[in-house]
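[1] Need the 3D shape of this:
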Amino acid sequence: MVFIRYKLLVFLIILSIPLFILSFKSNYLKQDPWKAPAFADTIISPMPFSPPFISEGEKLYNTLCVSCHGQDGLGNGQPGRFNIEPANFHDKKFVNQTDGSIFWKLSNGRGVMPAYNFALSEEKRWQLIAYIRQFAKYSANVKSKSVPINKYYIKSNLQSSYFPVPKLVSNATASDDLVFMVDTIASGLIRPWSMSFLPNGISLIAERSGRLLQFQNGNKIDTLIGNIPKSLRDIKPHPDFEKNRLIYLSYYIEPNKNLGTSGYTALMRGQLIGNRFINDTIIYKSGPFKNSGNYFGSKIGFDSQNYLYFTIGIHSDRKNSQSLSNYDGKTMRLNDDGSIPKDNPFYKTPGALPEIYTFGHRMHQGLRKDPKSNRMLSVEFGELGGDELNVLKPGANYGWPIATFSLEYNGAIISESPYLKGIEPPMYHYALAPSDLDFVYGNTYPAWDGNIFIGGLATKKLFRLVLKDDKVIKEESLLHNFGRIRGVNFGEDKLLYIFTEDTGLLLRILPLQHKND
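    Got it, this is the predicted structure:
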C-alpha cells in the first residue's frame with residue numbers, strides 16, 4: 001500500500017513538472033504588472049514640482065530615458081527590441097500610480113530597467129518624475145504647431161527638377177523662425193537607409209534589403225539591377241559622376257556561423273548606366289567581425305579634393321576603439337579607388353592601420369562635408385545620452401570609451417570625466433539617437449541659412465542646430481512623430497528632404513509665405 005502511494009506521488013510530481021514550466025513561461029511572457037510595495041505610496045517629494053525643477057528633469061529624461069521610452073513618453077524608443085515594452089507615460093495605469101510608487105521603481109529598477117538609487121541623487125530622481133508627470137497633460141498625438149493654411153502660399157519660383165513642387169498648401173506648421181509645409185513625396189518605402197541626388201533630376205534611395213530605387217520627376221522609374229549587395233547602408237555618387245558614372249555603396253557582409261564565415265563592413269564601387277549597376281568591385285573591407293550588423297551603420301563622404309571618408313562603428317569590445325591596429329570605431333580616409341593616401345596621419349605609424357583618419361568613435365552613422373568650410377562633420381551615438389556632433393580632424397582621438405558624456409545603459413558612469421588631455425571634445429553633445437545630418441545654406445529657407453539638421457531615431461524628430469563661432473546657440477525640434485528619421489538630405493534643388501526608417505515616408509520641407517508679406 002505504501003509502495004502504491006509512493007508511485008502515485010512520483011507520478012503526480014512528474015505530471016506537474018511540465019505544467020509548472022508552462023505556467024512559469026506563460027507568466028514570464030505576460031509579466032504581472034510591476035507593483036511597488038504598499039509603503040511606497042507614502043513616499044512624498046520633499047521638493048515642489050516648480051518649472052525650473054521640471055526643466056532639470058527634462059534634461060535628465062533626454063539623457064537617460066529617451067532611448068527606450070521615446071521623446072514623447074510613448075514607450076516606443078526602440079520598438080521590438082524588448083520582450084516587454086517600456087512604460088507608456090500617457091497610459092492611465094501609469095498615470096494612476098502615486099509619485100512614491102514611481103520613485104520606488106525608479107530607485108530599484110527591474111530587468112533591463114536600471115536602478116537609479118546610486119546613479120542619481122534623490123533630488124534628481126524627483127526632478128525626473130516631475131518631468132515624466134508632464135506627459136499626461138498633453139495629447140500624445142500632437143506633432144507640431146499647426147497654423148491656418150488659408151493664410152499662406154507657396155512661392156511660384158520654388159521649383160525642383162527632382163520632385164515637382166505642389167501649387168497648393170495642404171498643411172502649415174509654425175516653427176520658431178519659419179512657417180513650412182510637410183510635403184509627402186513617397187510612402188511605402190521599406191527600411192530606407194540613404195539617398196543621393198544625381199544630375200538630370202534623378203535621385204536614388206537605398207533600402208536595407210538591397211533594393212536601389214531610382215526616381216525621376218517625382219516618379220519611381222526603376223529598381224536598379226546588377227550585383228547590388230544586401231544589408232545596404234550608404235550610397236554616394238563620385239564628385240565627378242557626370243564624367244565617370246561612379247557610384248559607391250557601403251554595406252555589411254553578415255557572419256554565417258554555419259559556414260564559419262565572419263562579418264565585414266565593405267565598400268563597393270561600380271558604374272550606373274541607365275538602370276544597371278555594372279563593373280562593380282569591392283575596394284575596401286574592414287573586419288573580420290563576429291556580430292550581426294543589424295544596428296551598425298557606415299557612411300561615405302568626399303572632401304573637396306575627392307578623398308573618400310568611410311565610417312566604421314564598434315563591432316566588438318569597446319576598448320578596440322582606442323586601438324590603432326583595430327577597425328572598430330574609426331573613420332577611414334581613402335583615395336577614390338580604395339588605395340590609401342600617403343599623407344594619412346598614421347600612414348607611417350608602426351602597427352597602425354594606415355587608412356585610419358580619426359579614432360575613438362562609438363558609432364558615427366552621419367557624415368557630411370560642410371560646403372562652406374569644407375570640413376567633414378559626423379554625428380554619433382553614445383550609449384545612454386552622450387551623442388555627439390564632431391568636426392573630424394586628422395589623427396584626432398574622440399574619446400570613446402575613456403572620455404565621454406555617455407552613461408552605461410544601467411545609468412552607471414563610463415568615464416570619470418568627459419574631458420581628457422589629448423581627446424578632441426565634441427562640438428556639441430545631446431541625447432537624441434542621431435542618424436544623419438546635413439547643412440542648409442542659401443535663401444530657400446532664409447531663417448535657416450547655415451543651420452545643421454540632424455535626424456532623430458528614438459526621438460522621432462528632426463533637430464535644427466543654430467551655430468555661431470562653432471558653438472551651438474540654439475536647438476529646435478521639428479517633425480514630431482512622423483517616424484524614426486533615418487535620412488536628412490539638402491538636395492541639389494536646395495530643398496530639405498527627410499525619410500523615415502519605420503514608417504517608410506519620404507518627406508520634403510517647403511517654406512511658406514504669408515499672404516500679407
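
[2] got any ranges where the stretch 251-400 of the chain has weak pLDDT?
    Across the stretch 251-400 of the chain, not a single residue meets the criterion (pLDDT under 70).

[3] let's go with 90 and repeat that
    257-260, 290-297, 314-316, 381, 383-386 (pLDDT under 90).

[4] now swap in the stretch 51-200 of the chain and tell me
    51-96, 100, 106, 109-121, 124, 128, 130-131, 133-147, 199-200.

[5] what's the neighbour count on residue 189?
    Here the number of neighbours of residue 189 (other CB atoms under 10 Å) works out to 20. Backbone N, C-alpha and C define where each C-beta goes, glycine included.

[6] Wait, it touches residue 504, no?
    Yes: using CB atoms under 8 Å as the test, residue 189 is close enough to residue 504 to be in contact (3.9 Å).

[7] what do the two both touch?
    When CB atoms under 8 Å, 6 or more residues apart in numbering defines a contact, no residue borders residue 189 and residue 504 alike.

[8] which ones are touching the residue lying closest to residue 158 once chain neighbours are set aside?
    Sequence neighbours aside, residue 165 is the residue nearest to residue 158 in space, at 5.3 Å (criterion: CB to CB, 6 or more residues apart in numbering). With contact taken as CB under 8 Å, 6+ apart, residue 165 is in contact with 154, 158, 159, 183, 510.

[9] now the helices for this protein?
    For the chain, the helices defined by DSSP state H occupy 2-30, 51-64, 66-69, 92-95, 99-108, 122-132, 241-244.

[10] just to revisit the earlier point, farthest pair within the contacts of residue 165?
    159 and 183 (13.2 Å; CB to CB).

[11] For those two, indicate the residue with more neighbours.
    Neighbours per residue (other CB under 10 Å) separate residue 159 from residue 183, with residue 183 holding more: 21 against 11.

[12] since we're on the residue nearest to that one when sequence neighbours are not counted, how many residues are nearby?
    Nearest-residue entry for residue 183: residue 508, 4.4 Å, with adjacent residues in sequence omitted and distances by CB to CB, 6+ apart. Close neighbours of residue 508, defined as other CB under 10 Å, add up to 24.

[13] Double-check residue 508 against residue 493; I have them as touching.
    No: counting by CB under 8 Å, residue 493 is not a contact partner of residue 508; they are 9.4 Å apart.

[14] got the contact list for residue 436?
    Applying CB under 8 Å, 6+ apart, the residues near residue 436 are 194, 299, 365-366, 368, 379, 454-455, 485-489.

[15] actually residue 299, not the one I wrote
    By CB under 8 Å, 6+ apart, residue 299 lies in contact with 233, 234, 250, 310, 311, 364, 365, 366, 367, 378, 436.

[16] give me the number of residues near residue 435?
    When neighbours are counted by other CB under 10 Å, residue 435 registers 24.

[17] From residue 125, how far out is residue 370?
    For residue 370, the distance to residue 125 equals 40 Å [CB to CB, to the nearest Å].

[18] Neighbour count for these two, which is higher?
    residue 125 (20 against 15).

[19] follow-up on the earlier one: any chance of CSV for the contacts of residue 436, columns distance to residue 291?
    As requested, these are exported to CSV (distance: CB to CB, whole Å):
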residue, distance to residue 291
194, 22
299, 19
365, 16
366, 21
368, 27
379, 22
454, 26
455, 24
485, 25
486, 21
487, 24
488, 27
489, 29
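
[20] Just give me the neighbour total for residue 279.
    14.

[21] Just list the residues touching it, thanks.
    Residue 279 neighbours (CB under 8 Å, 6+ apart): 270, 271.

[22] do the same with residue 287
    Residue 287 neighbours (CB under 8 Å, 6+ apart): 253, 262, 263, 264, 265, 315, 327.

[23] Report the two of the contacts of residue 299 separated the most.
    Going by CB to CB, the pair spanning these furthest: 310 and 436, at 15.3 Å.

[24] Contact partners for the closest residue to residue 501 other than its chain neighbours?
    Spatial nearest neighbour of residue 501, chain neighbours left out: residue 486 (3.8 Å); criterion: CB to CB, 6+ apart. Listed by CB under 8 Å, 6+ apart, the contact set of residue 486 reads 192, 193, 435, 436, 455, 457, 499, 500, 501.

[25] would a markdown table of the residues you listed with distance to residue 54 be doable?
    As requested, the contacts of residue 486 are exported to a markdown table (distance: CB to CB, whole Å):
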| residue | distance to residue 54 |
| --- | --- |
| 192 | 37 |
| 193 | 37 |
| 435 | 29 |
| 436 | 31 |
| 455 | 27 |
| 457 | 25 |
| 499 | 34 |
| 500 | 30 |
| 501 | 31 |
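
[26] Neighbour-wise, give me the winner out of the residues you listed.
    residue 455 (30 neighbours).

[27] distance of the nearest residue to residue 109 once chain neighbours are set aside from residue 411?
    Leaving out its chain neighbours, the residue that sits closest to residue 109 by CB to CB, 6+ apart is residue 115, at 3.2 Å. Distance of residue 115 to residue 411, given as CB to CB: 8 Å.

[28] So the two - more neighbours on which side?
    Neighbour comparison, residue 115 and residue 411: the larger count goes to residue 411, with 19 against 15 (by other CB under 10 Å).

[29] Identify the residues contacting the more buried one.
    So residue 411 contacts 64, 114, 115, 116, 119, 120, 384 (CB under 8 Å, 6+ apart).

[30] who's in contact with the last one?
    Residues counted as contacts of residue 384 (CB under 8 Å, 6+ apart) are 63, 64, 67, 406, 407, 408, 409, 411, 431.

[31] farthest-separated two in those residues?
    Longest span within these, CB to CB: 408 and 431, 14.1 Å.

[32] So these two - more neighbours on which side?
    Relative neighbour count places residue 431 above the other of residue 408 and residue 431, with 26 against 13, counting by other CB under 10 Å.

[33] measure that one to residue 67 for me?
    As judged by CB to CB, residue 431 and residue 67 stand 7 Å apart.

[34] Does the residue nearest to residue 109 touch residue 105 like I think?
    No: assessed by CB under 8 Å, residue 115 is found out of contact with residue 105, at 9.3 Å.

[35] Give me the longest strand you can find in the protein.
    Ranked by residue count under DSSP state E, the longest strand found in the chain is strand 276-289.

[36] chain center to that one: distance?
    Strand 276-289 has its C-alpha centroid displaced from the chain centroid by 25 Å (CA atoms, centre = their mean, to the nearest Å).

[37] and that strand, which strands flank it?
    When pairing is defined by DSSP bridges, strand 276-289 lines up against strand 225-226 (parallel), strand 263-273 (antiparallel).
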